[in-house]
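>>> sequence isn't available, so here's the structure alone:
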């Protein structure tokens, strides 16, 4: 493989990662603005029932999922080399007739 093509591939992966991180930051800003607006509207017009929690928690879970995916926090739980070790383990198993 050509050194330039390796460098170019790494560059495009880095650009893709930066765009994903930028989208997380935008998602956080929009979440904070919209939830703030919902809290205001809720407390101004129907203060006896706090319905904004449903939107804040539901959207918040989606936001956390987005953050986990972009920043690859799943690797904290599975370890950096977990996938490689698992592949080697499965390759070394003696499978009978492809089972």
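Noted; the coordinates are in hand. Bear in mind that the values here come from a model prediction, so they are computed numbers and not experimental data.
>>> mind checking the SS state of residue 49?
Three-state call for residue 49 (DSSP: H, G, I helix; E, B strand; the rest coil): coil.
>>> so it versus residue 31, what's the distance?
22 Å (Cβ to Cβ, to the nearest Å). Every residue, glycine included, has its C-beta placed from N, CA and C.
>>> with residue 46 instead?
Residue 46 is 22 Å from residue 31, by Cβ to Cβ.
>>> which of those two has more neighbours?
Neighbour comparison, residue 46 and residue 31: the larger count goes to residue 31, with 17 against 11 (by other Cβ atoms under 10 Å).
>>> need the contact list for the more buried one.
Residue 31 makes contact with 59-60, 63, according to Cβ atoms under 8 Å, 6 or more residues apart in numbering.
>>> ok, those residues vs residue 13, which is closest?
residue 63 (24.0 Å; Cβ to Cβ).
>>> burial measure for that closest one, as a count.
That count, for residue 63 with other Cβ under 10 Å as the rule, works out to 18.
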